[in-house]
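*Asks:* sequence first, then the predicted structure, then my questions.
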Amino acid sequence: MTAVQKLDFYATHPHDCNYLPGREAVTLFADPLLSKNTRMYAALADCGFRRSGEHLYVPHCSACSACVPVRIPVAEFRPSRSQLRTRKRNARLSIERHPATFKPEHFALYQRYLECRHPDGGMNNPSQENYLDFLTASWSDTYFYEMRDADVLVCVAVIDLLTNAMSAIYTFFEPDYARDSLGKFAILLEIEETKRLGLDWLYLGYWIKACQKMNYKNEYQPLEYYIDNEWQRQQPLSLPADLVSVSP
């Protein structure tokens, strides 16, 4: 029996869903008091779990399983014409990888991004503590990829390095550069980095059919969907948004 099989899990009380208005959600957490590591993280990610701060979690709603974990098998990815244009448009950017530590320049960009893109999303006016508590963990192998236009910081992509994959945690960018599709460019960068490191998958979090802002994830093909406790290639187009719950 592995360490993951011995884990205890704890469910939250129902709370407002962040993605589908008017719905309630329940979140299942791996034991918050248990010491974690990247090997455990990789095993749970393979079952649809994500990291937020120190915690590993998965949606566990009794009447809905609209949140479908997705990942890209990077060795098979081939960019579309649109993605090639996005890559070319941002070819001027310089890119550097840094350990996940606090930098005032990063935090200022994060603040501007949230103020512009998510003014009413409950994340506005973050403190330095909130920022680090969300993006980093004491036990995870996390990196910040800086993208600069000359000397101007325009985007930061936050990733976790797992034993067999990378996990895209969050991306924030300069609102004035929205035309450059920096969020999409960041995913292309993460795919290439995952390949370069000899890893198999890039985890993109959750895809929700009924949530329009999640549609961009289907642009990266092939994409694998975690349904009925296994990874599948077929997009679940025939499934309604309020599916019967699937246990993690």
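*Replies:* Arrived safely. What you see is a predicted model, and the numbers here were worked out from it, not measured in a lab.

*Asks:* I'd like to know how far the nearest residue to residue 86 once chain neighbours are set aside sits from residue 20.
*Replies:* In this structure, residue 86 finds its nearest non-sequential neighbour in residue 181, 4.9 Å apart by CB to CB, 6 or more residues apart in numbering. (C-beta placed from N, C-alpha, C; glycine too.) Using CB to CB, to the nearest Å, we find residue 181 at a distance of 26 Å from residue 20.

*Asks:* wait, residue 199 touches residue 74, no?
*Replies:* Yes - Residue 199 is in contact with residue 74 according to CB atoms under 8 Å; the separation is 7.2 Å.

*Asks:* what's next to stretch 171-191, contact-wise?
*Replies:* Stretch 171-191 is touched from outside by 72, 74, 77, 79, 83, 86-87, 89-90, 93, 95, 109-110, 112-114, 116-117, 145, 147, 149, 152-159, 166, 168, 202, 204, 216, 219-220, with contacts defined as CB atoms under 8 Å, 6 or more residues apart in numbering.

*Asks:* can you flag the buried ones in these?
*Replies:* The neighbour count (16 or more other CB atoms under 10 Å) marks 72, 74, 77, 79, 83, 86-87, 90, 93, 95, 109-110, 113-114, 145, 147, 149, 153-159, 166, 168, 202, 204, 220 as buried among the contacts of stretch 171-191.

*Asks:* chain center to stretch 107-121, what's the gap?
*Replies:* 17 Å (CA atoms, centre = their mean, to the nearest Å).

*Asks:* hmm, who's touching that stretch?
*Replies:* 123-124, 126, 128, 131, 153, 155-156, 172-175.

*Asks:* swap in stretch 30-46?
*Replies:* For stretch 30-46, the surrounding residues in contact (CB under 8 Å, 6+ apart) are 2-4, 7-10, 49, 51, 54-58, 137, 139-141, 160-165, 167, 203.

*Asks:* select only the buried ones of those in ChimeraX?
*Replies:* Remark: buried members of the contacts of stretch 30-46, expressed as a ChimeraX selection using 16+ other CB under 10 Å:
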select :4,49,51,55,56,57,58,137,140,141,160,161,162,165,167,203
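
*Asks:* narrow the contacts of stretch 30-46 to those in helices?
*Replies:* Residues from the contacts of stretch 30-46 lying in helices, with DSSP state H as the criterion: none.

*Asks:* tell me the mean pLDDT for stretch 106-118?
*Replies:* Regarding stretch 106-118, the rounded mean pLDDT is 93.

*Asks:* same question for stretch 218-231.
*Replies:* Mean predicted confidence for stretch 218-231 is 95.

*Asks:* buried ones in it, by neighbour count?
*Replies:* 220, 223-227, 231.

*Asks:* and what of stretch 15-28?
*Replies:* For stretch 15-28, using 16+ other CB under 10 Å, the buried residues are 17, 19-20, 23, 25-28.

*Asks:* before we move on, what about stretch 35-44?
*Replies:* 36, 38, 40-44.

*Asks:* check the offset of it from the chain's centre.
*Replies:* For stretch 35-44, the distance to the chain centre is 16 Å (CA atoms, centre = their mean).

*Asks:* circling back to that earlier point, need the buried residues of stretch 15-28 in JSON lines with pLDDT, distance to residue 189 and secondary structure, can you?
*Replies:* Listed next are those as JSON lines, based on pLDDT from 0 to 100; distance: CB to CB, whole Å; DSSP: H, G, I helix; E, B strand; the rest coil:
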{"residue": "17", "pLDDT": "91", "distance to residue 189": "30", "secondary structure": "coil"}
{"residue": "19", "pLDDT": "87", "distance to residue 189": "25", "secondary structure": "coil"}
{"residue": "20", "pLDDT": "89", "distance to residue 189": "30", "secondary structure": "coil"}
{"residue": "23", "pLDDT": "91", "distance to residue 189": "33", "secondary structure": "coil"}
{"residue": "25", "pLDDT": "95", "distance to residue 189": "31", "secondary structure": "strand"}
{"residue": "26", "pLDDT": "96", "distance to residue 189": "34", "secondary structure": "coil"}
{"residue": "27", "pLDDT": "97", "distance to residue 189": "29", "secondary structure": "strand"}
{"residue": "28", "pLDDT": "97", "distance to residue 189": "31", "secondary structure": "strand"}
